[in-house]
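>>> no sequence on this one, just coordinates:
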């Protein structure tokens, strides 16, 4: 008999009613009675899993009754109507074969476990309902990202993970070396120059945008920030498109369309997972996502306008909003959740707090940078129109002591057929926090890499 997945069983439920099927998976819970038993069965392909029912007529009833939570099994039986939920399959088992046993001290017993405990056994947590929902959404969102860009003619670029430049200029990089500590700086290293793990693929993506017009990267990036907040990790994934002949206002249109496409796809493909997460996180998740799609167009304000709005609120914030300075989480929360009641683009940021490659506005004080703020997650995307004027770019690099020689390849893009171009970056895990309502980055990535933590 051919093995069928629980997803296929659910999708073909009407057709398979009364038919014999074969399933392979694991026991999430096993409730035993004197003459029958009930197994919560799962194989990871479907969130709403079938219940397997057996009675004393099954072969080796005593052995089946002794099966442990966590054990791998093969089930053969007939699909029958479920009295609890007509949309969830139920299987009356005729045979259950043990494939791999599990001891009684298996950590994932049928009770609610804290996310902190589950992080300690991260190699097992994908088996729980919470993480089955989170990582299914991660998979679907990943595919939706590629679908969005591929369907619109973008080229997927694999930018290097080892680099000799720190594009952000922040210095929070992991050194790549083959030398022991006592020899570093005293003899030639593998690449003949200082190298590090990449904090972004943006600069290399710009070179491809000048050849293919529309490109994107989607891969891991690394930042050595000694931060233990819920939204920081040392290793995370970034989505970074770069678009030629595109200014900052066109970029905002792309960002909004892109985000709505991802949300729409996840809502369509993961309804059971989102319903579970909505309940798990206390409600409001589905309303938030649906409200985003219902919003015709996100608000757009300059940084100066945003600070003016914030300063009109008296005695509200722990950190005072100031012109020329960055905004705090509490400011982003107020703008998205109380003032605009939805996502908002904040653009034209102060020049002195932004990166060297951003287009310098005529006022001499701001650059054409933009952040997309969303309810519940704060800053979700950050982008800019890139500085395309050679003289202004190298002057800014000189001010920040960035080597023209080391970055000659990047500067030359302005000499060799440069054009107006823009791009943005979005941390994939930040997006997943927004999509799932799970508020800690450690719980939306399979194995978190954070300060003093590199387990599994």
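Yep, that arrived. Everything numeric in this text was worked out from a predicted model, so none of it was measured.
>>> check for me that residue 24 belongs to a strand.
Yes. Membership of residue 24 in a strand is supported by DSSP: H, G, I helix; E, B strand; the rest coil.
>>> contacts only, for it.
Counting by C-beta atoms under 8 Å, 6 or more residues apart in numbering, residue 24 makes contact with 3, 43, 72, 73, 74, 75, 99. C-betas here are computed from N, CA, C, even on glycine.
>>> please apply the same query to residue 187.
Applying C-beta under 8 Å, 6+ apart, the residues near residue 187 are residue 179.
>>> and the nearest residue to residue 416 once chain neighbours are set aside, how many neighbours?
Excluding its sequence neighbours, the residue lying closest to residue 416 (C-beta to C-beta, 6 or more residues apart in numbering) is residue 210, at 7.9 Å. Other residues near residue 210 number 18, with proximity taken as other C-beta atoms under 10 Å.
>>> helix or strand for residue 210, which one?
Assessed by DSSP states H and E, residue 210 sits inside helix 202-212.
>>> buried residues in the very next helix or strand once past that helix, which are they?
With elements assigned by DSSP H and E, the helix or strand that comes after helix 202-212 is strand 214-222. Going by neighbour count (16 or more other C-beta atoms under 10 Å), the buried part of strand 214-222 is 214, 215, 216, 217, 218, 219, 221, 222.
>>> what's the answer for stretch 35-43, then?
The neighbour-count check on stretch 35-43 (16+ other C-beta under 10 Å) flags 37, 39, 40, 41, 42, 43 as buried.
>>> let's see which of those residues end up in strands.
37, 39, 40, 41, 42 (DSSP state E).
>>> and the closest residue in space to the fourth one that isn't next to it in sequence, how many neighbours does it have?
Right, residue 41. For residue 41, ignoring the flanking residues on the chain, the nearest one in space by C-beta to C-beta, 6+ apart is residue 52 at 4.7 Å. The number of residues packed near residue 52 is 24, by other C-beta under 10 Å.
>>> A strand includes residue 52, no?
Yes. Residue 52: assigned to a strand according to three-state DSSP.
>>> residues in contact with the helix holding residue 210: which ones?
Under the contact criterion C-beta under 8 Å, 6+ apart, helix 202-212 has outside partners 155, 157, 159-160, 165, 167, 215-217, 240-244, 357, 386, 409-410, 413, 416-419, 421, 423, 425.
>>> so which of the ones in strands among the buried residues of stretch 35-43 is the closest to residue 333?
Nearest to residue 333 out of these is residue 42 (C-beta to C-beta; 37.0 Å).
>>> how near is the closest one to residue 96?
With the distance defined as C-beta to C-beta, to the nearest Å, residue 42 ends up 15 Å from residue 96.
>>> mind listing what residue 280 touches?
Contacts of residue 280 (C-beta under 8 Å, 6+ apart): 130, 133, 437.
>>> so where's this structure uncertain?
Residue ranges of the chain with pLDDT under 70: 166-171.
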